[in-house]
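Visitor: here is a sequence together with a model predicted from it:
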Amino acid sequence: MRIEDYALLGDTQTAALVGRDGSIDWLCLPRFDSGACFAALLGDQRHGRWLLRPVGEVSQSHRRYRPGTLILETELETDSGAARLIDFMPPRDSSPTVVRIVEGVRGEVRMRMELIVRFDYGSISPWIRRIDGLLFAVGGPDSLSLQTPVEARTEHLSMVAEFTVTAGARIPFVLVWSRSHLPVPAPVDARRALLETEAWWSEWSERCTYKGPYREQVLRSLITLKALTYAPTGGIVAAPTTSLPESLGGVRNWDYRYCWLRDATFTLYSLMAAGYRDEARAWRDWLLRAVAGDPAQLQIMYGPGGERRLKELVLHWLPGYEGSAPVRIGNAAVEQRQLDVYGEVMDTLHQARRIGIEGDGVSWPLQQQLLEFLEAAWTEPDEGIWEVRGPRRHFTHSKIMAWVAVDRAVKDIETYGLPGDGARWKRLRDSIHAEVCQKGYDRARESFVQYYGGKELDASLLMIPLVGFLPVEDERVRSTVAAIERELGRDGFVLRYQTSTSGHVDGLPPGEGVFLACTFWLADNYWLLGRRAEARQLFERLLGLCNDVGLLSEEYDPVTGRFLGNFPQAFSHVSLVNTAFNLSQDVGPAEHRKSEGEPDAPSSVGRPS
């Protein structure tokens, strides 16, 4: 199916994707970046799926999440009646569990269940056996048990069953993961689990303080972010999937089941603005633990628990989504140098102080170490925000975020009385600012450019006013926004950069969709520029891209109308939340970062004569 045909299930430790046809085609156990037991999304049904569907033709189907929850309901119409699938994963402290309840709506419907388990990304066919009335799939360290009153049988290394559901009846199917050497898991009461899961999500959703005109979309995005949280540590993964392509049939296929530092400030803002202080504090604490150590060894991403070894491997036995190969697990970009993450870490910790997350006595000494390292490292080239697999360059955005790191340290000293050589860091801040304005700005093009000496544009330059590097009134900012609109605009949306002409930059074949987070940044720029109607119009166009259950991918193809990239994408949903706040109140996240970061003399520092 199309990427947008999937919906998300999650328990705040792992996740699954279920399609419109009632098939769960992706499930990672026991956590986001562990081996998948359903990998049909990246291969075919032989690589693992769990199908519950009427026998025969379905004349109509529709689905929705129960309001304020991650409980999915899919209603399937047939000639003889209608059945409803109720799918969810109970938030947990122990074994991952997927609960599916088939509910009769009217008439009677003949149903078929087919459960094909393949551990380790479709590579291990398990041993299926029956114990105490339960069917077990066992392979190496993993075991899945199927609990249901329906008589199921084994067939070609799969579990299958046929049954009829009548109006008012509810038939449960419960799949529980456990270590294969441990005792049989205790039975799960599906009805009780449904009530408890709905109560848990409803209570969480009621804490949302956003009351603006886009509340439904904002709350759905926040629920998605909560589902992408690894609750034991507070880390938030970028997406629950790997290798969903940025271009169908292409090679831009990456593993996003990790926590990126550059998402930190955006995520902190979205959580705090909506009233989720506990989640914001947990994210801040995860960040501190993950980056602790030698500043020179700071990584751009970590595992959900703070893991650092994320070795990239190719799974040759999976053909990939719509033939998009290779399928990768792990991410080689973890070994890259990306200077912008120092700015994101410093900004996140600065903003945490500003919005009232109490200090712990650890963050400022860590920040001082980071800044001392950056004082020398900021002059070096890097791979940049987009993790290019070409040569290192002096990317303009990276230098701007180095400036942010120093600027936020100066602000911390001035505002909170923290110890440090403020005068020295002010001089460093001014030096970075002057160099970026001299080398990152092309006077002939009247625009900032992707890297020093280059001519290409980059949508990351939309961050210039959002982080306060220059005020939005500066003509260089206005002309850069205009250039991005003109050259990176596609049907009103925004490309990250021109892959068709930047092969020498990113080292990859051309082709990808428009980048949704960058398009939200353009809407934020419109708002700051006073182009309020355009900002709202663009934002509402972006909302219109959400699939039928309110989810967004990383990218979008305006020609085919297809989602691209890993799904659902935290960065897209964080950007949606922050832009909604920008458009719904006088002082939103963009104004906060801008006002906090403006240099002492923004209209003159580094201005070309």
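Guide: Yep, it's here. Numbers count the residues shown, from 1 in each chain.

Visitor: next, the buried residues of the longest helix seen in the chain.
Guide: The longest helix of the chain (DSSP state H) is helix 396-416. Within helix 396-416, the residues that count as buried by 16 or more other C-beta atoms under 10 Å are 396-413. In this view, the C-beta of every residue, glycine as well, is placed from N, C-alpha and C.

Visitor: now find how far off-centre that helix is within its chain.
Guide: Computed by C-alpha atoms, centre = their mean, to the nearest Å, the chain-centroid distance of helix 396-416 equals 25 Å.

Visitor: show me what that helix is packed up against.
Guide: helix 340-354, helix 363-377, helix 422-439, helix 463-466, helix 589-597 (3 or more C-beta pairs under 8 Å, 6 or more residues apart in numbering; DSSP states H and E).

Visitor: now render those as CSV, adding mean neighbour count.
Guide: Listed next are the helices and strands packed on helix 396-416 as CSV, based on neighbours: other C-beta atoms under 10 Å:
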stretch, mean neighbour count
helix 340-354, 25
helix 363-377, 18
helix 422-439, 17
helix 463-466, 24
helix 589-597, 21
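
Visitor: adding mean pLDDT and distance to G122, write the ones you listed out as JSON lines.
Guide: What follows is those, written out as JSON lines (pLDDT from 0 to 100; distance: least, C-beta to C-beta, whole Å):
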{"stretch": "helix 340-354", "mean pLDDT": "92", "distance to G122": "33"}
{"stretch": "helix 363-377", "mean pLDDT": "94", "distance to G122": "41"}
{"stretch": "helix 422-439", "mean pLDDT": "97", "distance to G122": "47"}
{"stretch": "helix 463-466", "mean pLDDT": "97", "distance to G122": "39"}
{"stretch": "helix 589-597", "mean pLDDT": "59", "distance to G122": "41"}
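
Visitor: one step back: may I have the longest helix of the chain as PDB, with CA atoms only?
Guide: Below are the C-alpha coordinates for helix 396-416, written out as PDB (Å, rounded to 0.1, in the frame of the first residue of the first chain):
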ATOM      1  CA  THR A 396      26.500  28.100   6.100                       C
ATOM      2  CA  HIS A 397      23.800  26.600   8.400                       C
ATOM      3  CA  SER A 398      26.400  24.800  10.400                       C
ATOM      4  CA  LYS A 399      28.300  28.100  11.000                       C
ATOM      5  CA  ILE A 400      25.000  29.800  12.000                       C
ATOM      6  CA  MET A 401      24.300  27.100  14.600                       C
ATOM      7  CA  ALA A 402      27.800  27.500  15.900                       C
ATOM      8  CA  TRP A 403      26.900  31.100  16.400                       C
ATOM      9  CA  VAL A 404      23.700  30.000  18.200                       C
ATOM     10  CA  ALA A 405      25.800  27.900  20.600                       C
ATOM     11  CA  VAL A 406      28.000  30.800  21.600                       C
ATOM     12  CA  ASP A 407      25.100  33.300  21.700                       C
ATOM     13  CA  ARG A 408      23.100  31.100  24.000                       C
ATOM     14  CA  ALA A 409      26.100  30.700  26.300                       C
ATOM     15  CA  VAL A 410      26.400  34.500  26.500                       C
ATOM     16  CA  LYS A 411      22.700  34.800  27.200                       C
ATOM     17  CA  ASP A 412      23.000  32.200  30.000                       C
ATOM     18  CA  ILE A 413      25.800  34.200  31.700                       C
ATOM     19  CA  GLU A 414      24.000  37.500  31.300                       C
ATOM     20  CA  THR A 415      20.500  36.300  32.300                       C
ATOM     21  CA  TYR A 416      21.200  33.600  34.900                       C
END
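
Visitor: for the nearest residue to F119 once chain neighbours are set aside, give me its contacts.
Guide: Distance criterion C-beta to C-beta, 6 or more residues apart in numbering; nearest residue to F119, sequence neighbours excluded, is G139 at 4.2 Å. Contacts for G139 (C-beta atoms under 8 Å, 6 or more residues apart in numbering) come out as 117, 119-120, 124-127, 180.

Visitor: how about 10 Å then?
Guide: Taking C-beta atoms under 10 Å, 6 or more residues apart in numbering, we find G139 in contact with 35, 37, 117-120, 123-128, 180.

Visitor: which of those lies closest to P232?
Guide: G35 (18.7 Å; C-beta to C-beta).

Visitor: do you know how far the closest one is from E335?
Guide: As judged by C-beta to C-beta, to the nearest Å, G35 and E335 stand 22 Å apart.

Visitor: do W26 as well
Guide: Distance, W26 to E335, using C-beta to C-beta: 27 Å.

Visitor: neighbour-wise, which of those two wins?
Guide: Neighbour totals were compared for W26 and E335, and W26 leads with 27 against 12 (other C-beta atoms under 10 Å).

Visitor: OK, contacts around the more buried one?
Guide: Contacts of W26 by C-beta under 10 Å, 6+ apart are 6, 8-9, 15-19, 36-42, 48-49, 240-242, 244, 567.

Visitor: go again using 6 Å as the cut-off
Guide: W26 is in contact with 17, 38, 41, counting by C-beta atoms under 6 Å, 6 or more residues apart in numbering.

Visitor: out of these, flag the one nearest to T233.
Guide: For the contacts of W26, the minimum distance to T233 (C-beta to C-beta) is 22.8 Å, reached by L17.

Visitor: so the closest one, which of the three states?
Guide: strand (DSSP: H, G, I helix; E, B strand; the rest coil).

Visitor: for it, list each beta-bridge partner.
Guide: Applying DSSP bridges to L17 gives these bridge partners: L8, W26.

Visitor: so which residues make contact with stretch 151-167?
Guide: Contacts of stretch 151-167 (C-beta under 6 Å, 6+ apart): 83, 102, 104, 106, 108-116, 125, 128, 135, 150, 171.
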